[in-house]
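*Asks:* turn this into a model:
(2 chains)
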Amino acid sequence: MISAPDVVAFTREEELEDDLYREPPLPEEYSVPLFPFAGHGANPWAKVAGSKFTRDFILISEFSEQVGPQPLLTIPDDAKVSGTFDLNYFSLRIMSVDYQASFVGHPPGSAYPKLNFVEDSKVVLGDSKEGAFAYVHHLTLYDLEARGFVRPFCMAYISADEHKIMQQFQELSAEFSKASECLKTGNRKAFANELEKKLKDLDYTRTVLHQETEQQKKANDKGYYTTQAIEKANELASVEKSIIEHQDLLRQIRSYPYRKLKESEFHPYEPECALDRADVSGDQDPTASDFTEPGETHLYTHVPSYTPKLIKAKSAKCFDKKLKTLEELCDVYFFTQTLDQLHHIERTFRGDVCYLLTEQISRALLKQQSVTNFLFEDVSFLDEKPPEKQYRGCQGLGQDAIDEKCSEESMAPKVVISLGSYKSSVECVPIKMEQEVEDSEEPKMSESVMSEHQENLDYLDADIKGSISSGESIEVLGTEKSGTGLTKSESQASLPVIPSPQVGRSKVGSRRTVSEDSIEVLSTCPSESLIPEDFKASYPSAINEEPYVDDDEGGLRFTPRLNPGIDDGQDDISKQESLVQVDAACCIGKESPNFLEPVPELGQKPCEEDGVVRIPPQPYRPAEQGLRGGFPSHDGLSGGLLPYELDSRYLTGSREVSKSSLDECSDSTSYISSTASTCSDRTPSPAHLACLAGEKHRKRAGQNALRFIRQYPFAHPAIYSLLSGRTLVVLGEDEAMVKKLVTALSIFVPNCGVYAKPVKHWVTSPLHLVDFQKWKLIGLQRTVSPAGVNVLHALSRYSRYLSILDADSKTLRCPLYKGTVVARLADHRTQIKRGSTYYMHVQSILTQLCSKAFLFTFCHHLHLPISEREPEESVVNRRMNFLKLQLGLANEDIKIVQYLAELLKLHYIQEPGQGGNPLLRFDYVPSFLYKI
Amino acid sequence: MLRWLIGGGREPQGLAEKSSVQTIGEEQIQNPYTELLVLKGHQDIVRFLVQIDDYRFASAGDDGIIFLWNAQTGEKLFELHGHTHKITAIAPFSSSDVTEEEMDLIITASADRTVIVWDCSSGRQVQKVSCFHSTVKCLTVLQRLNVWLSGGSDLCVWNRKLDLLCKTSHLTDAGISALVELPKNCVAAAVGKELIIFRLSASNNGSEGWNVLEAKRLVDHQDNISSLVSVNDFTFVTGSHVGELIVWDALDWTKQASECNFWDSSVHPDVQPEIKLSQSPNETSVQHLTSDEECVFAAVGKGIYVYNLQMKRVIASQRTAHDSSVLHIEKLPNRQLISCSEDGSVRIWELREKQQLPAEPVPTGFFNMWGFGRTNKQANQAAKKMQENTPTYFLELVGDLIGHSSAVQMFLYFGELGLATCSADHLIILWKDGERESSLRSLTLFKKLAQNGDLQLKL
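*Replies:* Got it, this is the predicted structure:
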C-alpha cells in the first residue's frame, strides 16, 4: 500500500488518526470496494500496484568507499514502512545518479588537496519496476579519513506517487536543503575539529622526529648521513608537508562561505567565526593560536585535553579501519536536528498529494484575506507555514531565515555561550574569504540569497534570450524546457487537473519511464529554477529587500553581488516577462500572488482550480493592497507581496500563544502571560510543534464539536452566542468534561485579534466583568463550597452578558436563536463523521460568514450617508436592507454578521503597537432556558 | 441557589428575596448603553470623577493617584502622582480668562494635608500647597471671582496663583464637609449640624486682597448636614443625616420650606414591618442632592425622591430604588435620572407623568409602593383614595447597568460620549451607546481607507 493517494476524506485520516480518536470503520455500504487484485493491506487507490512499501518514507544512504552504496536509515524508522522494498537496490539506484559537481581529489595544477564546497544536487527519479519515485538529495560530507576527504551521501524522499514528488518538488527541495545544511554545518564543525586534532598529532610527531633527528645528528659525527638519518629526514619532510596540507585544509574548511548560510535559511550557529578569527590573527601557527583564543576555549573545551599522538609515517588508510558513522561525521547535536527536520518533512508530506495541494491553496488564499483571516483562522499557524511554501515558489526567504533564526537562538545557548561578544569583530573577515572562495572554488549554494539572485539573473538572461541554460555545473538530464512553453493542449492531455509546469515535466518524464529503462531521472535541480525565478522576478521587492532586512538581524551585512540598481532594472524586465510565463505556467498551490492574475488558459480548464483561481475577483487586488495598508508596518513592502514576512516576524512569538491556547489544558493562557511568554519561546522547532498541535487540535475540536451538536439539542443557540460575541460559560463539576466542551465549542469562537483565541478552558474563581471582555468562552468550575456560591452569584449578577451552559444538568440559558446560519453550521443530523471533516465544514461556513461581514464592513454607503443631508435613518434602513436582502440574513444572523463586522472594524482601525482597550458589546435581550 | 438557572430569569428570586426592590428584566429597549470599556489603573477605591472638558475627565480615589482619561476612546492620558494619601476632594478649575491663555487645571486635596494644582494638558504638577493644619475636605472654585476655596477645619481663600488671600479662624475639628457658592459673594459651608454663611469682601488695603467674614449661622438641622446643593440664584437646599431636607433662600438665608422625616416609613402604618426593622440612620440619610430648575432630587437611603420646589412636596419617589444606599444621583437633560448605589449597580430612571390617575398631594407613604408592573394593583387601590386632579409623577426604571462588583461611588454623564462610573472595585467603566460607537468606527475605518488611498479604488 502506498502512502495515501486516495479519497482524501477517508483514507488520509485513517493513517494519521490517533488511536484515541479512531473511528469505527465505514459501514460496508459506504466503503469503496477494495482493489480486487491487491493483497492484504493493499491500497485500492495505489496508482502503482507494484510498489512494495506501505507509505512514503525518507531514506538516507551512503556511497561507501568500502562497500559501495548502502542504506543507512529510514524515516520513519519502521521496518513495516519499507516493507519488502529493496533498500539496497534502491540505494544503488539513487546513488548512481549523483550529479553533484564534485571532482574529488586533487584538481590538476593545485599543489595541495582542495576541498570542494560541493553544492547539493536535487534529482527526481522514478523506478517503475519498484513502483517508487523519489526526490533525491545528494550531499557530500567531509571526512579526513575518507578518500578525497569526502563521503557522498544522499537523502531520498520515496513515494509511490509520482505526481506528489513532481508537484512538491520545490517544497521537498527546500525542506531537504535545510536538513542537508544542518548536516553539513555539523560536519564542517566536526571536520575542523578533526583537522585540529590531526594537526596537533602532526605537530607532536614533527617535534618528536625533530628531536630524534637532532639526536642522531649529535650522535652522528661521521660527516655523512646514514640511511636512517635520511629516512628520518624524509619522514620529517613528509610530516612537514602533511602539516602544511592540513593547515591548508583547515583554512579551507574555515573559510567556508557561511555568509551564504547566514542569508539563506539555515545556520544553526557559527563556530567558524571564532575559528576564522583565530585563523586570521595567528595564521602562522593555527594550532597554537587556537589555544590562546579566548573565544575558542569554550567551543572546544575538549581540545586542550586532547593528548597528541605520534603518527606513523604511513598511516593506515582505507579498508583496515571502520569508517565514521553519519552521527560521528556530524556533531551529535546537528545530527538530531537533522533527524528532527527529516521527521518533519515526513510528516509534512505524507498523505495524498491533492490534500497537500488543497491545503497549500487554501492557505495561500487565506493569507490574502488579511482583513478577515484573523477571525477564525489560526493566523500564527497560517503565517508560519506558508512562508516556507512561498519560499520555494517565490520569495519567503526572509521568513525562513527568521524561522531558523528562532531555532538558532534556541540552540545557541547550548552550543555557544558568548557568541555575540565576538561576533561583531568577526563580521568582515569571512566575507573577504568568501569572495575569494567563491571565485576560486565552488560557486554558490542554491539556498543562498546571493547565488539565488545570481541564478535569477542567469535565468533572466536565459529567458530573454529565449533559451535556458542551467548556469550550473550540474548535468541536466530530464529537465523539460517545455515547462515554460507548455501548451495547454499538451498539459490537458496529460493531466488536466493540475496545470503546473512540474506536471509538464513529470508527464514527459513518466512517458519515458514507461518506454525506457526502469530508472529515470525526471528532473534535476537547476530546472526547478524555471519556476521560482518567474515569481521571484515578479516580486522584485521581496528579493531585494529581504536580504537586507535579514541582514539587520543576522549580524553580517554584506551582499557583494547585489546591486539593487541593476537588479531593479532587470527585475522590471523580468516582471513583464514573468507575467507571461506565469500565465503559461499557472502554477497552482504555491504562489499565492499569482492567483490574482486570472489566466486566459485557466478559463479553458474545467477543473476546480479554475474556480479557485477566480475567487479573488479582479478588483480584489487593489483592495487587498489597500487593506494591507491597515498595518503600517508593512507599508514598506511594495507590489503584490503580502505582508507576512514582517507579520510573521512578530508572529513567531505569538506562535507560542496559539500553541498554548490550542492546548486545551493550558490554564494559564491569558493575554498577558502568553504574550510575555513569547520571549521564552525557545523550543527547538516551534513550527513543527505548532503545526502538529494545530492539526491535532482541529481534529479533536471537530470531533468534540460533532459530539456536542449531536448530544445537545440546544447547540444552535449556544453556537449563536459564541458567534455573536456573547460570552458562553460552560459550568460543570468535572474538569475534563468542561474542558472537552470548551474545546468543542472553541472552533466557533471568533478571534478578536491576532492573539490567542479568547477561550479560557478552566476557571475556578468568580468571574468578573473584565473576564467577559477578554474571554468569549469560559469553562467554569462548579463547587459546593462557599466559594462556589460566590462563583454562582457572580454568574447570576452578570447574567446579561452571559450564556450559561450547565454541563451537569444539561441546560443552557441564553438568548433565543431563530436564524438559519447556525443550522447549516451545526446540523445534528449531519452525515459528517470525522472530526477534521467537520472542522473543515465549519471553516467553510465561517468563511462565508466572514466574507459577508467583510462586504458589510467595507461598503461605504451602508455606514455613512451618501449625501450630506441624508438622515441617519435612511442609512440605517439601507444597512438593514443590505443585511437582509443582499446578504440574505435572517433574524439573529444579522447580529452575527454585525458582530463580526465590528471585530473587523476594530482590527482594521487599531493602530499597531497600541493594544487598544478591549471593549465589551452586549445587548439587552431576554434569555431563555433550554433543557434536554 | 441556582433557581434562576432553572427558572430562567432573575425575577423570581429577586421577588422572593427582595420584594421591595424594583427590577427590570434583561430586555431594556430604552437603555442606550450597549457597549462598555473597562478602564483600569487605580489600585484602590475610586471615589471621584470630574469632568475637565468635552472629552476629558479625571478620576481620583483612595490610592492617591489621579488619572486623566479620554472619555471617547477610554485612553489613559495622564497618571498624576503627588499625593501620598487618599484624595479627599477634587475640583476642576478651567480658566477662560481673557488675560491668560486657556489652561485646564484641576485642584486636588488629599488626606496628606496637601493641595496640588495640576495642568491637564501636560499632566504636570503646577503647584503644591502643604500648609494645612487639617485635611481639606472640600474645594470650591468661584469662577466669577477667580478664586478657589478650600474647606477643612477652617476656610481658606486662594487665588489662581495659589496665594492664600485670607482664611477664617479655626471653626471645628470636624471641619467643613460641604461648600456651596451663593449669590453676592457668599458661600454656605456645612459644618456639622450648622450651616455657616461666609461673605467674601474685597479688603481695603490690597489690590487683590479678600476678607472672609462669617455672615450667619443656621442651626435648623437636627443632625449633620450631609449634602448641600445650590438650585438657582435664589434657592439652595441642604439635607441631613436624619433625612431632613431644608430649602433655603439664597439671598436672605431664611428657611423656605422643609421636609422632615417625610420619608420616614414609621409614620405610615401600612408599610411592612421588616422594612422598619432594617431602618437605620443610614437608611434615611440624604446622601446626595441634585436639582434642576423645578425639582430637587434627593438620594435618601436606598430611595430616590423628587421634591418639587413650587409645590413644596415630594412629587415622586422610589423608596427602594436600589438594594443599598444610593450614593450619587444626577438629572439628565432628557427627564432621565441616573442613580448609583453601594449595591454596585447604576440605574436609569425616567420621571413620567401619570395623567389618567388623579393624584393626591404626596402621600409619601404610598409613593414607595408606586411603580409599575407588579405594584400596579396596589397603585390602583391607592388611586381610589386620591382626590385631587393634579398630575402625578412616577419614576420608571428604564434600564440598569451592571458591571461593577462593588459600590459605585460616582458617575459622570458625558452626554453622547456615554457615562463613566467609578467604583470601589478599583475600576472605571465607560458605558457607551453601541450603535453610535459602531458608526463612529465605520467613519474611522473609511477615513483610514481614504488615508491609505484605497477608497477610490474600491468605490
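
*Asks:* and the residue in the stretch 251-400 of chain B that chain A sits nearest to, how many neighbours?
*Replies:* Nearest residue of the stretch 251-400 of chain B to chain A (C-beta to the nearest C-beta) works out as B:Gly399 at 7.3 Å. C-betas here are computed from N, CA, C, even on glycine. By other C-beta atoms under 10 Å in any protein chain shown, the residues close to B:Gly399 number 19.

*Asks:* can you report phi and psi for it?
*Replies:* Main-chain dihedrals, B:Gly399, degrees, to the nearest 10: phi 180, psi 160.

*Asks:* Provide the strand pairings for whichever helix or strand A:Arg151 is part of, with the direction of each partner.
*Replies:* Here A:Arg151, judged by DSSP states H and E, is contained in strand A:150-159. Paired with strand A:150-159 in the same sheet, following DSSP bridges, are strand A:57-64 (antiparallel), strand A:132-142 (antiparallel).

*Asks:* pLDDT score for A:Glu545?
*Replies:* Per-residue confidence (pLDDT) for A:Glu545: 37.

*Asks:* returning to that earlier point: give the next helix or strand downstream of the strand holding A:Arg151.
*Replies:* Where DSSP H and E defines the elements, the next helix or strand beyond strand A:150-159 is helix A:162-167.

*Asks:* contacts only, for the residue of the stretch 251-400 of chain B closest to chain A.
*Replies:* The contact partners of B:Gly399, taken as C-beta atoms under 8 Å, 6 or more residues apart in numbering or on different chains, are A:Tyr924, B:Ile24, B:Gln28, B:Gln30, B:Asn31, B:Pro32, B:Tyr33, B:Arg347, B:Ile348.

*Asks:* which SS class is the first one?
*Replies:* The assignment at A:Tyr924 comes out as coil when based on DSSP: H, G, I helix; E, B strand; the rest coil.

*Asks:* residues contacting it?
*Replies:* A:Tyr924 touches A:Arg800, B:Glu26, B:Glu27, B:Gln28, B:Ile29, B:Asn31, B:Thr34, B:Gly399, counting by C-beta under 8 Å, 6+ apart.

*Asks:* in a helix, the fifth one, correct?
*Replies:* In this case it means B:Ile29. No. Going by three-state DSSP, the assignment for B:Ile29 is coil, not a helix.

*Asks:* ok, the residue nearest to it when sequence neighbours are not counted to B:Gln28 distance?
*Replies:* Nearest non-adjacent residue to B:Ile29, counting by C-beta to C-beta, 6 or more residues apart in numbering or on different chains: A:Tyr924, 7.2 Å away. Applying C-beta to C-beta, to the nearest Å, the value for A:Tyr924 to B:Gln28 is 4 Å.

*Asks:* would you mind finding the most buried of the strands paired with strand A:150-159?
*Replies:* strand A:132-142 (a mean of 28; mean count of other C-beta atoms under 10 Å in any protein chain shown).

*Asks:* one step back: in the contacts of A:Tyr924, find the pair that's most separated.
*Replies:* Taking C-beta to C-beta, the two most distant members of the contacts of A:Tyr924 are A:Arg800 and B:Ile29; they sit 13.8 Å apart.

*Asks:* who has more neighbours, the two?
*Replies:* A:Arg800 (21 against 8).

*Asks:* ok, that one - contacts?
*Replies:* A:Phe922, A:Tyr924, A:Ser927, B:Glu26, B:Ile402.

*Asks:* what would these look like in a markdown table with pLDDT and distance to B:His81?
*Replies:* Output for those, formatted as a markdown table (pLDDT from 0 to 100; distance: C-beta to C-beta, whole Å):
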| residue | pLDDT | distance to B:His81 |
| --- | --- | --- |
| A:Phe922 | 88 | 35 |
| A:Tyr924 | 89 | 39 |
| A:Ser927 | 89 | 44 |
| B:Glu26 | 76 | 41 |
| B:Ile402 | 90 | 32 |
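
*Asks:* let me see the ranges of the strands in the stretch 351-459 of chain B.
*Replies:* B:390-402, B:408-413, B:419-423, B:428-433 (DSSP state E, counting those that start in this stretch).

*Asks:* quickly, which of the ones you listed bottoms out on average pLDDT?
*Replies:* strand B:390-402 has the lowest average pLDDT among those, namely a mean of 83.

*Asks:* in what helix or strand does B:Leu68 lie?
*Replies:* strand B:66-70.

*Asks:* before we move on, back to that, closest to A:Ser180 out of the contacts of A:Tyr924?
*Replies:* Nearest to A:Ser180 among these, with distances taken as C-beta to C-beta, is B:Thr34, at 59.0 Å.

*Asks:* just the pLDDT for that closest one.
*Replies:* On the pLDDT scale, B:Thr34 is placed at 91.

*Asks:* give me the element it is part of.
*Replies:* strand B:33-39.

*Asks:* look up the closest residue to A:Thr727, ignoring the ones flanking it.
*Replies:* Closest to A:Thr727 by C-beta to C-beta, 6+ apart is A:Phe772, at 4.5 Å.

*Asks:* also B:Leu162?
*Replies:* Counting by C-beta to C-beta, 6+ apart, the residue nearest B:Leu162 is B:Gln127, at 4.7 Å.

*Asks:* what about that neighbour, which SS state?
*Replies:* Assigned by three-state DSSP, the conformation of B:Gln127 is strand.

*Asks:* also the one 5 residues further on?
*Replies:* Three-state secondary structure (criterion: three-state DSSP) places B:Phe132 in coil.

*Asks:* follow-up on the earlier one: next SSE downstream of the strand holding B:Thr34?
*Replies:* strand B:46-51.

*Asks:* list the contacts for the residue in the stretch 301-450 of chain B that chain A sits nearest to?
*Replies:* At 3.4 Å from chain A, B:Ser442 is the closest residue in the stretch 301-450 of chain B, using C-beta to the nearest C-beta. Contact analysis of B:Ser442 by C-beta under 8 Å, 6+ apart lists A:Thr857, A:His863, A:Leu864, A:Lys905.

*Asks:* ditto for B:Leu251
*Replies:* So B:Leu251 contacts B:Pro183, B:Lys184, B:Phe234 (C-beta under 8 Å, 6+ apart).

*Asks:* roughly how far does the first one sit from A:Leu366?
*Replies:* Meaning B:Pro183. 70 Å.

*Asks:* ditto for B:Leu445
*Replies:* Distance, B:Leu445 to A:Leu366, using C-beta to C-beta: 22 Å.

*Asks:* and A:Lys895, helix, strand or coil?
*Replies:* Quick answer, by three-state DSSP: A:Lys895 is helix.

*Asks:* so what's it up against?
*Replies:* By C-beta under 8 Å, 6+ apart, the neighbours of A:Lys895 are A:Ser724, A:Asp923.

*Asks:* rerun that using 6 Å as the cut-off
*Replies:* Neighbour list for A:Lys895: A:Ser724 [criterion: C-beta atoms under 6 Å, 6 or more residues apart in numbering or on different chains].

*Asks:* now the longest helix along chain B: buried residues?
*Replies:* Counting residues, the longest helix in chain B under DSSP state H turns out to be helix B:434-451. Across helix B:434-451, burial judged by 16 or more other C-beta atoms under 10 Å in any protein chain shown covers B:Gly434, B:Arg436, B:Glu437, B:Ser438, B:Ser439, B:Leu440, B:Arg441, B:Ser442, B:Leu445, B:Phe446, B:Lys448, B:Leu449.
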